[in-house]
Structure formats: C-alpha cells, structure tokens
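Engineer: generate a structure from the sequence data that follows.
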Amino acid sequence: MNVINKTIDLGDGRTIVIETGKLAKQADGAVTVRMGNTMLLATVCAAKDAVPGTDFMPLQVDYKEKFSAFGRFPGGFTRREGKASDYEVLTSRLVDRVLRPLFPDNYHAEVFVSVILFSADGEDIPDALAGLAASSALAVSDIPFNGPISEVRVGRVNGQFIINPTYDQLEQADIDIMVGATIDNIMMVEGEMAEVQESDMLEAIKVAHEAIKTHCRVQMELSEECGKTVKREYNHEENDEDLRKDVREKCYDKAYAIAVSGTDKHARAEAFEAIVTEYKTAFTEEELETKGPMIDRYYHDVEKEAMRRAILDEGKRLDGRKTTDIRPIWIETDYLPGPHGAAVFTRGETQSLTTVTLGTKADEKIVDDVLVHGKERFLLHYNFPPFSTGEAKPQRGVGRREIGHGNLAHRALKRMIPENYPYVIRVISDILESNGSSSMATVCAGTLALMDAGVQIKKPVSGIAMGLISENKGTNYAILSDILGDEDHLGDMDFKVTGTKDGITATQMDIKVDGLSYEILENALAQAKEGRLHILGKITDALPAPRPDLKPHAPRIEVITIGKEYIGAVIGPGGKIIQGIQEKTGATISIDEVDGVGIVEIAGLNKESIEGALKAIRAIVAVPEVGEIYEGKIASLMPYGAFVEFMPGKDGLLHISEMDWKRLDSVEESGLHEGDAVTVKLLDIDPKTGKFRLSRRALMPKPDGFQEYDRPERPPRPPRDNRGGGRDRDRDRDRDRRR
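Structural biologist: Numbers count the residues shown, from 1 in each chain. Model (predicted):
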C-alpha cells in the first residue's frame, strides 16, 4: 500500500491533511481531506471514450453527507439517506462551476466526481473543503484537467478576514463568500454580505486567492509524487480544417451583419439558424451524416466570434445597446388579488411574476440536514418553466438550476427582513420570460412583492448581471451591463451583484477565461453599481416604500411575552386551556420558551379573534390586584358563601356577608347559583395563605339610611397561662379512655 500524505498549514494552528492510496483504489483518483475531525472522501472516474455525437463536457459532480458523520440517524420512515438536500445540491454546484471550464475543450468523456462527508465535528464547515477534495482526486488521476483548483470560504469578523471560519465565527461575519480559483486566476465567487462596499468584497477575494495558491502548490506536489503529471491520451472530436475554414468564409459576414443589427431574441435566433441551414444545402444527406455535427460546431464558433468582434470593434451588442445600457423596465404591483403580495418585474425580454405569502409559526420550514438543523422563517422558491424560453417540453420538478438561482435571490433579500418579524414569509418567483439573468429579476420582483405585501423591509434591493468580452488575456475587453442570454453563453463572465443603495448583499460570479485581472473585476463592480442603482430607482419609482398595512385577507399576528411560569397555565392540562381558547376565538396560538420567557404568537383572520385570544391569555397571566373589578363565575356554593373563579385558575371567597347590603340568613336568599356570572371586587389578599376575599355588595348602591348590622363578637381567648390547664384536662381524659 503506497499511502501519500500532504499537509496544508492554515497559519492559525489548523491544518488540512490530504491522503491518497488507502481508500477507493479502483477509482481513477481518490483522496481523503481532513480538517480537525471533519473528513471527506473524494473520488473521480472517467469513461475511456466519449459517447458518439457528444460535443459538450458531460461532467457530474455529487456532494453527499452521511448522517452517521455526526452520529445522527436520518429522519423519515426508512431511516436512510435519500434525495439530495438543497445544501448538498448547492455544494455540488459550487464545485462543478469551478471544475467544468478547466477540462480541455475537446474532451467529451463522461466524468463523475463524488465527494462524501464521512466525519464531521460540528465546528468546521465541510463545503469549504469539497472543491479542494475534488481537485485533489483529479490531481492523482490521469484524467486530463487544466487544474488544480481549490475553494475556500472567507468570513470577515470584527474587520478581520478568516479563511474557512467555523459555524460560530460565521454567525458574526458581515462577509461570507466562497471563492474558487486556480493558482493564477479566480474562477468562481458566491456569497452574501451585509451591505458592504465593492472594495471590501474585492479585498476578500484577494485574501481567498492567496490561500488557494498554497492549496494548488500542495496538489501539484501530490500529483508529482503519485506519478500522475502525464495525463491519458484521447481523441473525442473529428475535425476537418478545410471545412472549418469554408464555414467561416461563407458564414462569418452574414453572422456579423445579424450581430450588429439589433434584432430581438427570437428573430435573431431564426436569422442565425437560417445561415447554417442555407450553408448545409450545398451537401448531400449522406455527407451531412458525417459532416453535419462538425458544421454545427464550426458555425457555433463563427457566431461567437461575430458577436465578440461586434462588441470589441464597434461597441454594438446583439440587441443594439451600448455596453452600459440597461434594457427597458416596466413594473406592476398588486397584480394578483389572491396572494398577500404580488409584483411583475420585466426587464427587456426577462419577466418574473413574484408572489408573497404570509404565514404563522406552523408554516416554518424544518431544516434537518446533517450539520444544520432548525427552522427557516423566510423562504424563496424560484421556478423556471420551459415556456419562458419558448421550449416545447414538459416541466419535471425542481432542478439544480432552480435551487441555485433561488438560493442566490434568497441570500440577496434575507438580511432586509426585519428582526423578530412575526410572520413566516414565502416568496415565489415564476419566470414567465427569460433572456438574461432571471435570478436578478427575481431579486427585483421579490423586493416589490414584499413591499406590496406590507412587509416593512429595511431597504429595497436590486440586482444586475454583468458580462465580459475579452481577448489577449484581458488587454482588450468590454464589460457588459444587464447581459442577454447569448452574451452569457458566448461571453467570458457571468457576474451577478445585488444590493441596496448602501452596499452589496449578495454576489455570484463565474469566469470562463484565463487571465481575469483584479483591475477588470474592480471595473466590473463599479459598472455594476451604476446599473444596480439605476434599476433600484425604477423600483422605488413604482413603489417608494412598503405599504403601511397588510392586505385585508392576510393573516394578522400578535406576539406577546409572558413569564416562563405561566406557560403551563396557558397550555393547561393536556392542552385543554389553549385548545379551548382556539375553539372559542378561532385564533391559532403557539407558545415557545426563548431565553427564559414565553413567546406567545396569536394569529387570526380578523381583529376580533385575535383580541378575544389576547384577552383570554392576559387574564390567565394577569396578577390579581386589590381594588380591581372582575367578571367571574360561581364555581361552588357553601353555607357561608360562594367560591368565585374571578380569573382563569384563580378562585376567591365571596362571603355571605359580602353578597348583599341586606342581612342574608342563607346563601339561597342571594339568588345565586353555581355557574352564574357575577361581578366582584377584590377586597383583600391574605399575605400568608394567598387567599382572595371578594365582594359583590361593594359594587351595589348602598341603601339610604343603611346601618351595618351587629355581628356577634368572638369571646376573647384565655390567657396563655390558663390554656395549659385545658391541655392537662384533655390529656387526663385521653388517659382515662385508654384505661
């Protein structure tokens, strides 16, 4: 067994250990990556040949977490891991986005990367190690790959940048970004921020890249020690250089003319398609069986070159805009009568119809991942139906793209929800048209829908997607604001930035070219800010501030705090009290203990039901006060008076002498019966026993000429010295009886 270990020193007493040669030796490449007690196994396997006709990189990255890694059982009836969680999908995407651009353009064999969490300590966050693990597995294989890469998380806590912070440190961070890079270039950035400035984000990326460079050097050493510096040979494309030249000569000028014509998406697509269709008419059906795929591939390159040259040479984009122009925007709020909030946001040919639903504590999302478990009160779901791009195909559930785009919009907006907001919020973005950055349209529409619902968000948020066309390793470039779908597909960068007027809240960047300098990044951020503020102005023009109140059909929620000692009294034995209040008032009530106090949430569809529940609960937790008047009910009658429940769970004695101004010889003369409602005044609380003395007559008009009747006085007790004799007589009597 040839086991090789390499260690990365993080410089703060922590280390990362990469090991190969011990586990999963039949995979093309396999490593374990360990940091503290967190341990991942990464494997990679690639097919020897490409599937005929494949002209793309068929890469599949899967990140999985075992519940046993943290000593837990999975939920559900089967008690085993099943469908990937959103967190696992998002981590898989983070790794995929860095690896995919670095495989050779002509390499089309299926590649499967698997990263599994086998051990966790609950402190270190494993997703920050997944990219390093995947790249290390490729480094010890013979699979062609232009790496290595690594990914790190950067958090800023109290002004200090921390590489791969712990869960506790991340809770205090105002910057939380994941950065993926090679030793030379940034490839991917994704994260959220607390309205930070562009310079702060750029500094965080630089700190991350310095750490990644060390990771990459260690992987190079690992690859050399394993003897894997020479990769396997392959031939996955058949090419005809004469045909390539012919396609360019006969199609480029036509494609360039369309690229500078400024037509809309579908007209432009049809025009581009007509060029290659016309070119193919010069070939027989038999020739097209072999040459057709090559023609399509070469023509794709012609389209790409035409679009890029039009921008770099003439500053003309596919839809006729300048590089800094934002497409026309139209907005409509309060669009749907049923939801609690709704807005349509349309920018060019991209449109989002977004709704907001307000719910109660019962609507919270339960998060039960391996290392993260709790409840989520702000949800954002993104849907991308095929009709939004004019495709004739069915929609089959939620894919990785929907989860990733929804997560970005969620991170952009979540810090703007007021603290301790009583409602659970669900934002749903349905993309009805798409031609460039529907996730940013979701952020804008989400802001509008939240304000339309009357959610008092701290500040409006807008988002923009930036693109890049560059050549000669970035010496000649153009930054594009508000990119189209084709500009994303054929360009060198997709850079999404969201924020308020005061700073950035979230970002996502994918780089598809080597040699992206920090100067370009800085210019892109500055141009993005201008575009973002322009869009933000359109949002505030349409709806300057959140509506002052909720929609009439939205649920109403009141939250009160009660003493911890009253929680049981409100719930009652077996839930009897709280269930009775809910049945009587129609309100929904939930109680939690937080930091030693009871948090009571009362929800109802109208003001009356909430006020009724509030009154009942406040009566239970209220402290009786001498001199106060209470509406009570007679619980029982005794010869000497009645016991009255004047507050929930609190009985007091209404003595016969306090029932009426006139003298009563019996309780029956009062006309009171068990179950009768009675208004009483609290006269006194015995300081020793806590018993309550009530009066009914104190609330009645005193009759004219009324004279208090004489009450017989109790005979005085004998002096203490004489009382002993009585005890002696009793003792003598008991002795005589025993005899």
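
Engineer: distance check, Val302 against Met35.
Structural biologist: Distance, Val302 to Met35, by CB to CB, to the nearest Å: 48 Å. Heads up, the C-betas are built off the backbone N, CA and C, glycines and all.

Engineer: okay, which residue is most central for this structure?
Structural biologist: The chain has His410 as the residue nearest its centroid, 5.3 Å off, counting by CA atoms, centre = their mean.

Engineer: which residues are in contact with the residue nearest to it when sequence neighbours are not counted?
Structural biologist: Distances taken as CB to CB, 6 or more residues apart in numbering place Leu380 nearest to His410, at 4.0 Å, with adjacent residues excluded. With contact taken as CB atoms under 8 Å, 6 or more residues apart in numbering, Leu380 is in contact with Gly406, Ala409, His410, Leu413, Arg426, Val427, Ile428, Ser429, Thr442, Gly446.

Engineer: just the helices in the stretch 1-150 of the chain please.
Structural biologist: Secondary structure of the stretch 1-150 of the chain (DSSP state H, counting those that start in this stretch): helices at 86-99, 127-139.

Engineer: deepest-packed of those helices, please.
Structural biologist: helix 127-139 (a mean of 29; mean count of other CB atoms under 10 Å).

Engineer: who does the helix or strand following that helix touch, helix- and strand-wise?
Structural biologist: From helix 127-139 onward toward the C-terminus, using DSSP states H and E, the following helix or strand is strand 150-157. Identification of packing neighbours for strand 150-157 by 3 or more CB pairs under 8 Å, 6 or more residues apart in numbering; DSSP states H and E yields helix 86-99, helix 127-139, strand 160-163, helix 167-171, strand 175-181, strand 186-196, helix 198-225.

Engineer: please name whichever of the ones you listed is nearest to Ala542.
Structural biologist: strand 186-196 (22.0 Å; CB to CB).

Engineer: okay, now Gly503: neighbour count?
Structural biologist: Counted with other CB atoms under 10 Å, residues neighbouring Gly503 total 17.

Engineer: what's the answer for Thr78, then?
Structural biologist: Thr78 has 8 nearby residues by other CB under 10 Å.

Engineer: cool, and Ile275?
Structural biologist: 22.

Engineer: likewise for Gly374?
Structural biologist: Neighbours around Gly374, by other CB under 10 Å: 10.

Engineer: what helix or strand is it located in?
Structural biologist: Going by DSSP H and E, Gly374 is part of strand 373-376.

Engineer: is it true that Phe56 touches Tyr107?
Structural biologist: No: the criterion here is CB atoms under 8 Å, and Phe56 misses it with Tyr107 at 10.3 Å.

Engineer: could you check which of these two is surrounded by more residues?
Structural biologist: Tyr107 (21 against 8).

Engineer: contact partners for the closest residue to the more buried one other than its chain neighbours?
Structural biologist: Leaving out its chain neighbours, the residue that sits closest to Tyr107 by CB to CB, 6+ apart is Pro144, at 5.3 Å. Taking CB under 8 Å, 6+ apart, we find Pro144 in contact with Phe103, Pro104, Tyr107, Lys231, Arg232, Tyr234.

Engineer: could you report the separation of the fourth one from Glu237?
Structural biologist: Per CB to CB, Lys231 is found 17 Å from Glu237.

Engineer: just the second one next, same as before
Structural biologist: Plainly put, Pro104 is 10 Å away from Glu237 if you go by CB to CB.

Engineer: quick one: contacts for Arg100?
Structural biologist: By CB under 8 Å, 6+ apart, Arg100 lies in contact with Met57, Leu59.

Engineer: next one, pLDDT for it please.
Structural biologist: Turning to Arg100, the model gives it a pLDDT of 94.

Engineer: how about Gly724?
Structural biologist: In this model, Gly724 carries a pLDDT of 45.

Engineer: swap in Leu450?
Structural biologist: For Leu450, pLDDT reads 98.

Engineer: quickly find the element holding it.
Structural biologist: Per DSSP H and E: Leu450 is located in helix 438-452.

Engineer: same check on Gln527?
Structural biologist: Counting by DSSP H and E, Gln527 is part of helix 518-542.

Engineer: elements contacting that helix?
Structural biologist: helix 198-225, strand 329-333, helix 438-452, strand 462-471, strand 476-481, strand 493-500.

Engineer: how far out from the middle of the chain is the helix or strand that comes right after the last one?
Structural biologist: Scanning the chain past strand 493-500 towards its C-terminal end, the next helix or strand to appear is strand 503-511 (assignment: DSSP H and E). With CA atoms, centre = their mean, to the nearest Å as the basis, the distance from the averaged C-alpha position of strand 503-511 to the chain average is 16 Å.

Engineer: need the contact partners of strand 503-511.
Structural biologist: 97, 101, 177, 185-198, 201, 408, 411-413, 415-416, 439, 461, 463, 492-499.

Engineer: from those residues, list the buried ones, please.
Structural biologist: 97, 101, 177, 185-193, 195-196, 198, 201, 408, 411-413, 415-416, 439, 461, 463, 492-499 (16 or more other CB atoms under 10 Å).

Engineer: quick one: the helices in the stretch 251-400 of the chain?
Structural biologist: Going by DSSP H, counting those that start in this stretch, the stretch 251-400 of the chain shows helices at 265-280, 285-314, 400-413.

Engineer: from those, pick the one with the highest average neighbour count.
Structural biologist: The most buried one of the helices of the stretch 251-400 of the chain (mean count of other CB under 10 Å) is helix 400-413, showing a mean of 22.

Engineer: angle of the helix or strand following that helix against helix 438-452?
Structural biologist: Sequence order places strand 424-433 as the next helix or strand after helix 400-413, per DSSP H and E. Strand 424-433 and helix 438-452 are oriented at 130 degrees to each other (axes from the mean of the first three to the mean of the last three CA atoms, to 10 degrees).

Engineer: give me the low-pLDDT residue ranges for the protein?
Structural biologist: 474, 515, 706-739 (pLDDT under 70).

Engineer: let's see that with 50 instead.
Structural biologist: 714, 720-727, 729, 735-739 (pLDDT under 50).

Engineer: contact partners for Gly155?
Structural biologist: Contacts of Gly155 (CB under 8 Å, 6+ apart): Phe161, Ile162, Pro165, Gln169, Leu170, Ala173, Ile175, Asp176.

Engineer: which among these end up buried?
Structural biologist: Using 16+ other CB under 10 Å as the threshold, Phe161, Ile162, Pro165, Gln169, Ala173, Ile175, Asp176 are the buried ones among the contacts of Gly155.

Engineer: can you tell me which two in the contacts of Gly155 are farthest apart?
Structural biologist: Maximum distance among those (CB to CB): 12.6 Å, for Phe161 and Leu170.

Engineer: the residue nearest to Glu433 when sequence neighbours are not counted pairs with what?
Structural biologist: Computed as CB to CB, 6+ apart, the closest residue to Glu433 that is not its neighbour in sequence is Gln351, at 4.0 Å. Beta bridges link Gln351 to Thr346, Glu433, judged by DSSP bridges.

Engineer: run through who's touching stretch 513-521.
Structural biologist: 182, 184-186, 202, 205-206, 468, 470, 473-474, 477, 479, 492-493.

Engineer: stretch 435-442 too?
Structural biologist: So stretch 435-442 is contacted by 265, 345-352, 354, 380, 382, 384, 388-389, 405-406, 408-409, 429, 431, 462-465, 482-485, 487-488, 496, 498, 508 (CB under 8 Å, 6+ apart).
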